[in-house]
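1. The following block contains a protein sequence and its predicted model.
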Amino acid sequence: MPPAVTLTPDVCGRIVHWARRSDLTALCLTCKALQHEAEAKLYEIIMAVNIQITFRACQSIISHPRLGPYVRSFCFIPESRRTQREIPEQFWSTLQRALSRMRSLEYLFLQDPAFASSWVLSDIPHIPFQLLEARLLFYWDSHLVKFLESQNKLKSLHTIDGPANDPTLHLEAGSLSELRVFDGPLAAAEHIVHVGSALTHLQVVLDKNSEADVLASIPKLFRLASSLRALSILHLPEGLAIDAFRSITKACPQLRHIGTIPLPLPRYSYRFHGMLMAMHQLRVLEVDVTSWTPPTTGTVQRAIAAEIRIYAPLIEYICFWAGATRTLWAVDGNDWSCHSESGQHSQFDALWKTSC
């Protein structure tokens, strides 16, 4: 009988490193030497859309204390097509208990189809982690506010709601001092801008109720003039485009990225070009040409891009949005190249986050 082979931690680590994720469960059952390494990788990133799978993962973390510290990223975004009713409270209470075991958690993405379960984050004394990034699709309520106030290392935040005019739901002064990236509705963005003065990347999502307020909000970005590098405004009405762009150039002339501005038709472009000349650091510009008739072709887009670069000579990328079609033009010297994709959604596009 051959002698038993002892696997060193280094060998186990190499095996797990090259293993497919689908094989990690089997490796956990192979031998004790592999179990530790395989479990660490299996639980390091939990991404799930299925309620039952997420529930069982949370139960395992609660039942086996060694598993919780492995989790660095936890994402639960339920499938909208299969979530036709509210998720049971038992699921959320189990998730809350599991979160209390994740002391190494840095990335948290949670969505409640009813937007009403922010209470899972309310047990502040038993929350052992400090997040770097959070995507929390809940209503903005007292539970969410207290949780955010407790996160001193948070650098990136996405929400779908804001405090509006309710002062009881405002963050305390000095909160989110490390926040650099924010993505959310105008009501939340206005408050975040007021609280945090070191934002570098900001995306504001407008809806029918906030369109009329955007022109009054843009000048307030002046307080971020020394730090803000990228500004993205989604669903900006075409009728407000010129006035909004003018306000942006005055409040934040140092921006390197601006989007998504409905591009004026050629007969009005002289006003747009004049404003571009004030943006001395602009590297990336996203424009919307959905309303243009006939639709812009590649040749027309290239001509527009070259013309824009006359007035913003440091520009490197120009992105054209036509409905769900995204065409990114890049310049190298005097040569332009493009890449076009259909079926895209501007709110999930990350170009604005990449500008530095």
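-> Noted; the coordinates are in hand.

2. For Ser342, report the pLDDT, please.
-> Note for Ser342: predicted pLDDT of 89.

3. Can you report how many residues lie near it?
-> Neighbourhood size, Ser342 [other CB atoms under 10 Å]: 10. Glycine gets a C-beta too; all of them are placed from N, C-alpha and C.

4. and what of Leu121?
-> Residues lying near Leu121 (other CB under 10 Å) number 22.

5. For the closest residue to Leu206 other than its chain neighbours, which residues are in contact?
-> Computed as CB to CB, 6 or more residues apart in numbering, the closest residue to Leu206 that is not its neighbour in sequence is His235, at 4.5 Å. By CB atoms under 8 Å, 6 or more residues apart in numbering, the contact set of His235 is Val205, Leu206, Asp207, Glu211.

6. could you pull out the helices for the chain?
-> Taking DSSP state H as the criterion, the chain carries its helices at 9-18, 24-28, 32-44, 51-63, 89-99, 142-150, 186-195, 214-217, 241-251, 269-276, 298-311, 351-354.

7. Point out the most buried one among those.
-> Highest mean neighbour count among these (mean count of other CB atoms under 10 Å): helix 186-195, with a mean of 21.

8. got the angle for it vs helix 142-150?
-> Put simply, helix 186-195 runs at 30 degrees to helix 142-150, going by axes from the mean of the first three to the mean of the last three CA atoms, to 10 degrees.

9. From the contact counts, what lies against helix 186-195?
-> Contacts defined by 3 or more CB pairs under 8 Å, 6 or more residues apart in numbering; DSSP states H and E place helix 186-195 against strand 181-185, strand 201-205, helix 214-217.

10. Now with 10 Å, please.
-> In terms of contacts (3 or more CB pairs under 10 Å, 6 or more residues apart in numbering; DSSP states H and E), helix 186-195 is packed against helix 142-150, strand 156-159, strand 181-185, strand 201-205, helix 214-217.

11. what pairs with the fourth one, and is each one parallel or antiparallel?
-> So that's strand 201-205. Strand pairing for strand 201-205, determined by DSSP bridges: strand 181-185 (parallel), strand 230-234 (parallel).

12. likewise the second one?
-> Strand pairing for strand 156-159, determined by DSSP bridges: strand 133-137 (parallel), strand 181-185 (parallel).

13. picking that back up, who wins for proximity to Val11 among the helices and strands packed on helix 186-195?
-> Set against Val11 and scored by CB to CB, these come closest in strand 156-159, at 36.7 Å.

14. which residues are in contact with that closest one?
-> If you take CB atoms under 10 Å, 6 or more residues apart in numbering as the criterion, strand 156-159 is touched by 107, 109, 131-140, 144, 148, 151, 176, 178-185, 187-189, 192, 196, 201, 203, 205, 347, 353.

15. In ChimeraX, how would I select the buried members of the contacts of His235?
-> In ChimeraX, this line selects whichever of the contacts of His235 come out buried by 16 or more other CB atoms under 10 Å:
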select :205,206
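
16. Tell me the one of the contacts of His235 nearest Met47?
-> Ranked by distance to Met47 (CB to CB), the contacts of His235 are led by Val205 at 23.5 Å.

17. which residues touch the closest one?
-> When contacts are counted by CB under 10 Å, 6+ apart, Val205 touches 158-160, 183-186, 188-189, 232-235, 346-347.

18. Repeat that for Gln111.
-> Going by CB under 10 Å, 6+ apart, the list of residues near Gln111 reads 49, 75-78, 80, 83, 87, 117, 135-138, 160.

19. who does it bridge with?
-> Gln111 forms beta bridges with Leu137, as assigned by DSSP bridges.

20. Tell me the confidence at it?
-> 93.

21. can you check Ile15 too?
-> 67.

22. cool, and the one 10 residues further on?
-> In this prediction, Thr25 carries a pLDDT score of 70.

23. Relative to Ser104, how far out is it?
-> Relative to Ser104, Thr25 is positioned 21 Å away (CB to CB, to the nearest Å).

24. just to revisit the earlier point, mind putting the contacts of His235 in JSON lines, distance to Glu341 and pLDDT included?
-> Putting these into JSON lines (distance: CB to CB, whole Å; pLDDT from 0 to 100) gives the following:
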{"residue": "Val205", "distance to Glu341": "21", "pLDDT": "94"}
{"residue": "Leu206", "distance to Glu341": "23", "pLDDT": "93"}
{"residue": "Asp207", "distance to Glu341": "25", "pLDDT": "87"}
{"residue": "Glu211", "distance to Glu341": "27", "pLDDT": "79"}
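
25. Could you work out the most separated pair of the contacts of His235?
-> Farthest-apart pair in those is Val205 and Glu211; separation 11.2 Å (CB to CB).

26. what's the overlap in contacts for the two?
-> Common neighbours of Val205 and Glu211 (CB under 10 Å, 6+ apart) are Leu186, His235.

27. Any regions of the protein where pLDDT drops low?
-> Scanning the chain for pLDDT under 70 picks out 1-5, 12, 15-19, 22-23, 26-29, 31-36, 81-85.

28. Domain ranges for it, per the record?
-> The record's domain split for the chain, according to automatic domain parsing, is 8-44, 49-179, 199-356.

29. Produce a ChimeraX select command limited to the buried residues of the contacts of Gln111.
-> Buried subset of these, written as a ChimeraX selection, criterion 16+ other CB under 10 Å:
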select :75,76,78,87,117,135,136,137,138,160
